[in-house]
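Colleague: generate coordinates for the sequence data below:
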Amino acid sequence: MKRLIAFTLLIFSIFHFNSLYSQTCTIDYTYTQPGIYPDSLPDGFIGNAYSEDVTFVMILDTMGATITNFQIVNIALPVGLDWECDNSAGGCNYDPQSNIYGCINIFGSPLLAGDYDIEVSILVNVVASGQTINNIPISFSVFMAVNQNNPGSGNSGFSMNNSSGCYPASIDFTNNNPGLAAYFWDFDNGNTSTAENPSTQQYNSPGEYHVTYQAYNSIDTVDVYTLTSFTIEDVTESWTGAPWGWELLNGNMPDPYFILYEDGNLIYQSTFEYNNNGPITWTMNINLDPNKTYEISVMDADESAAQINTAEFTYGSDDYIGSHNINLNSCSNCSAGSYADVSYTIDYLQILPSPSILSNDTIQIYDVPGQPNIEFDNNLYVLSTDSTHYGLQWYVNDTIIAGNTSPTDTIETSGYYHLIAFNNYGCGTSSDTIYAVYCDSTNPSPVIDINSNLELYTSAPLGWTIQWNNNGSPIAGANSETYFPQNTGDYTVSVINLDGCTYTSNPYIYTVGIENFTQNLWSVFPNPTKNEVFINWSSNLEINELNIYDISGKNIYTLKDLNSNSSKINLRHYKSGIYIISIVTNKGYLTKTIAKTN
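Modeller: The predicted structure is shown next:
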């Protein structure tokens with residue numbers, strides 16, 4: 001026994017192995033000592049491909065036992081993962097006497113986050129002391145964590161705890177540029193925010209969402225005034241005092257133009273119009289600073305106009321006609337001195353601050369499966385679902401049942417069961433929870449005994465219900481541990497646990513009458529019988545010997561050393577007829593008659 005325990009522990013330590021992907025594996029022959037390489041499973045991430053090759057080096061013998069075969073029969077992986085050994089054609093059987101090396105491959109894409117205790121099941125064949133022992137089951141658990149996929153986002157403005165998820169999804173955003181003057185977020189879910197660190201955002205529908213982030217070094221606005229047009233409406237004719245004097249050689253008409261000054265500095269001068277006293281309009285786009293002063297001077301081109309008419313040289317330098325101080329609200333027919341009227345248009349625009357950082361990123365929200373239906377067959381103890389086109393995972397009492405990922409699940413314990421169905425994106429939907437009852441057929445049946453008061457009695461665990469029966473029918477009100485029969489009959493007792501599972505004793509044949517006390521201390525059933533007969537007796541009765549006689553008085557069966565309170569005798573090979581069962585007890589000789597039928 002010590003050798004077997006030590007052997008089991010050693011097998012456990014050797015097969016504590018790691019995970020893989022792809023559907024083939026490569027053995028790493030650099031390892032020569034028995035063991036698993038690598039010896040721990042790396043974490044997986046939802047929706048990400050998972051692949052690890054695992055090499056195992058097998059031992060040849062241990063504690064005097066020669067190992068002739070290892071067989072890997074099952075690995076209860078998280079939903080979405082599968083495994084394959086390099087000897088799948090041989091049923092994953094390995095003979096270490098021929099080759100100590102082997103490998104497995106775990107592959108797929110995990111669909112459900114959680115911490116998993118993965119159960120590995122192995123069968124081992126050994127030869128010990130010349131004896132072959134086949135199919136020694138060894139099982140152990142290997143831990144693996146499957147995490148939420150969290151690639152984040154690569155923009156400079158912000159990051160997210162998830163760039164994808166299943167609706168409804170909660171996404172947290174982190175500002176990568178704290179301390180700036182202002183922010184603006186558009187989450188594309190109907191919400192915007194100006195907070196430096198916005199609140200968690202909910203995405204309640206599947207789809208692709210485009211998130212925009214703006215960060216500002218300054219929130220100052222800029223007021224822009226633009227001079228877009230200027231008109232000299234007229235230049236007054238005056239033959240006796242006009243500033244340009246008598247210009248008989250060019251029709252005595254001015255050649256107007258204007259000059260724009262900013263804080264006394266010339267910043268613009270228009271073209272002139274030859275022999276024109278207005279109206280004359282020029283268009284332009286000149287931005288004006290509201291913090292500065294602007295002046296327009298209306299001029300008459302003389303020297304400047306000589307390019308048109310050389311006679312203009314006669315009149316000397318250009319003449320000043322008049323001036324006007326610019327009003328940022330525009331002006332119409334405003335005087336420019338005594339001899340000219342002007343009009344001009346100034347457009348106004350307020351420019352909002354521009355973001356110093358502008359970033360965009362995308363969130364993908366996936367649809368979820370419809371709610372799966374589950375049913376329970378309380379005869380076969382099987383849970384089932386019709387959601388066979390999804391990945392599946394069964395739970396009991398909110399705990400993952402490792403490896404139970406098929407559409408049916410045979411239960412072995414009562415509890416609250418539910419199922420989660422997963423699509424290809426790892427999005428899951430839970431079924432309703434149902435309470436499934438499992439009645440363990442291996443539980444011992446209750447035993448009936450008789451006390452000195454001729455009362456039948458039994459025992460049951462705390463909280464269980466007791467029901468006495470006569471000839472198969474419940475006796476009303478007979479629910480305590482003791483019962484005093486009022487009639488002769490075959491009495492049984494049923495005990496019912498908290499889940500309603502019922503366990504019933506063998507019949508106890510009871511004969512009414514105080515003179516039958518010793519006969520009530522033991523019973524024989526069934527009577528008549530075709531094959532087996534059961535003999536039960538009270539703890540108050542000590543049986544030293546049991547004999548069976550045929551009708552002629554011939555002893556056909558003897559049994560001694562009866563230590564328990566029941567015995568089973570097979571009458572299959574005896575002829576049909578009447579037989580007498582006689583027992584030698586501390587109460588004397590007791591007999592009962594039994595009929596054997598075909």
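Colleague: can you list the domains in this protein?
Modeller: The chain breaks down into these domains under automatic domain parsing: 2-147, 222-351, 374-436, 521-598.
Colleague: what's the first-to-last distance across the third one?
Modeller: Put plainly, it is domain 374-436. Using Cα to Cα, to the nearest Å, the end-to-end distance of domain 374-436 comes out at 11 Å.
Colleague: quick one: residues contacting Q202.
Modeller: Residues counted as contacts of Q202 (Cβ atoms under 8 Å, 6 or more residues apart in numbering) are 168-170, 189. Every residue, glycine included, has its C-beta placed from N, CA and C.
Colleague: go on, T433?
Modeller: 416-418.
Colleague: look up how far Y508 lies from I475.
Modeller: Distance from I475 to Y508, counting by Cβ to Cβ, to the nearest Å: 13 Å.
Colleague: between the two, which one's more packed in?
Modeller: The residue with the greater number of neighbours, taking I475 and Y508 and applying other Cβ atoms under 10 Å, is Y508; the counts read 24 against 18.
Colleague: related to what we said a few turns ago, could I get the domains of the chain as TSV with mean pLDDT and distance to P485?
Modeller: Putting the domains of the chain into TSV (pLDDT from 0 to 100; distance: least, Cβ to Cβ, whole Å) gives the following:
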stretch	mean pLDDT	distance to P485
domain 2-147	77	48
domain 222-351	83	104
domain 374-436	95	33
domain 521-598	87	12
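Colleague: for N204, find the nearest of the ones you listed.
Modeller: Of all the domains of the chain, it is domain 374-436 that lies closest to N204, at 13.7 Å by Cβ to Cβ.
Colleague: circling back to that earlier point, most neighbours, which of the contacts of Q202?
Modeller: Ranked by neighbour count under the definition other Cβ under 10 Å, those are headed by A169 with 21 neighbours.
Colleague: which non-adjacent residue is nearest that one?
Modeller: By the measure of Cβ to Cβ, 6 or more residues apart in numbering, the closest residue to A169 outside its immediate chain neighbours is Y203, 4.6 Å from it.
Colleague: quick one on the thing from earlier: quick check, nearest of the contacts of Q202 to K292?
Modeller: Using Cβ to Cβ, N189 comes nearest to K292 of the contacts of Q202, at 46.9 Å.
Colleague: mind listing the helices for the stretch 251-400 of the chain?
Modeller: For the stretch 251-400 of the chain, helices defined by DSSP state H, counting those that start in this stretch do not occur.
Colleague: same thing with the chain?
Modeller: For the chain, the helices defined by DSSP state H cover 2-14, 517-520.
Colleague: shouldn't L352 be in contact with T221?
Modeller: Yes. The pair L352 / T221 is scored as a contact, 5.8 Å apart, by Cβ atoms under 8 Å.
Colleague: one step back: filter the contacts of T433 to the buried ones?
Modeller: With burial judged by 16 or more other Cβ atoms under 10 Å, the buried subset of the contacts of T433 is 417-418.
Colleague: which ones among the contacts of T433 map onto strands?
Modeller: Of the positions in those, 416-418 sit in strands, assigned by DSSP state E.
Colleague: about what we covered before: want to throw the contacts of T433 into a markdown table with distance to S452?
Modeller: Converted to a markdown table, the contacts of T433 look like this (distance: Cβ to Cβ, whole Å):
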| residue | distance to S452 |
| --- | --- |
| Y416 | 47 |
| Y417 | 48 |
| H418 | 53 |
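Colleague: ok, the contacts of T433 vs T482, which is closest?
Modeller: Taking these together and measuring to T482 by Cβ to Cβ, the closest member is Y416, at 36.3 Å.
Colleague: for the closest residue to E208 other than its chain neighbours, list each beta-bridge partner.
Modeller: Ranked by Cβ to Cβ, 6+ apart and with sequence neighbours excluded, the top spatial neighbour of E208 is Q364, at 5.6 Å. Beta-bridge pairing for Q364 (DSSP bridges): S164, E208.
Colleague: pull the number of nearby residues for Q364.
Modeller: Q364 sits with 15 neighbouring residues when counted by other Cβ under 10 Å.
Colleague: could you report the separation of it from S164?
Modeller: Taking Cβ to Cβ as the criterion, Q364 is separated from S164 by 4 Å.
Colleague: correct me, but T32 touches Y101?
Modeller: No. The pair formed by T32 and Y101 falls short of the contact definition of Cβ under 8 Å, at 9.7 Å.
Colleague: these two: which is more packed in?
Modeller: Neighbours around T32 and Y101, counted as other Cβ under 10 Å, are more numerous at Y101. The numbers are 16 against 9.
Colleague: give me the nearest residue to that one, chain neighbours excluded.
Modeller: Take Y101 and drop its neighbours on the chain: the residue closest to it by Cβ to Cβ, 6+ apart is I27, 5.0 Å away.
Colleague: I'd guessed G391 sits against D82; true?
Modeller: No. No contact is recorded between G391 and D82 when judged using Cβ under 8 Å, the distance being 11.5 Å.
Colleague: and the two? Which one has more around it.
Modeller: Each of G391 and D82 has its neighbours counted (other Cβ under 10 Å); G391 has more, 21 against 13.
Colleague: which strand residues bridge G391?
Modeller: Beta-bridge partners recorded for G391 (DSSP bridges): F422.
Colleague: any idea how far E119 is from it?
Modeller: For G391, the distance to E119 under the criterion Cβ to Cβ works out to 19 Å.
Colleague: what touches both of T32 and Y101?
Modeller: Between them, T32 and Y101 share these contacting residues under Cβ under 8 Å, 6+ apart: V57.
Colleague: nearest to P526 among the contacts of T433?
Modeller: Distance from P526 was checked for each of the contacts of T433 by Cβ to Cβ. The minimum falls on Y417, at 39.2 Å.
Colleague: how far away is the closest one from G391?
Modeller: Distance of Y417 to G391, computed by Cβ to Cβ: 18 Å.
Colleague: and what of S494?
Modeller: Spatial separation of S494 from G391 under the definition Cβ to Cβ is 43 Å.
Colleague: go on, S141?
Modeller: According to Cβ to Cβ, S141 and G391 sit 22 Å apart.
Colleague: equivalent analysis for S218, please.
Modeller: If you measure S218 against G391 using Cβ to Cβ, the figure is 52 Å.
Colleague: tell me the buried residues in the strand ranked longest in the chain?
Modeller: The strand of greatest length in the chain, counted in residues with DSSP E as the criterion, is given as strand 131-147. Neighbour-count burial for strand 131-147, counted by 16+ other Cβ under 10 Å, picks out 136, 138, 140, 142, 144, 146.
Colleague: thanks again, I'm all set now.
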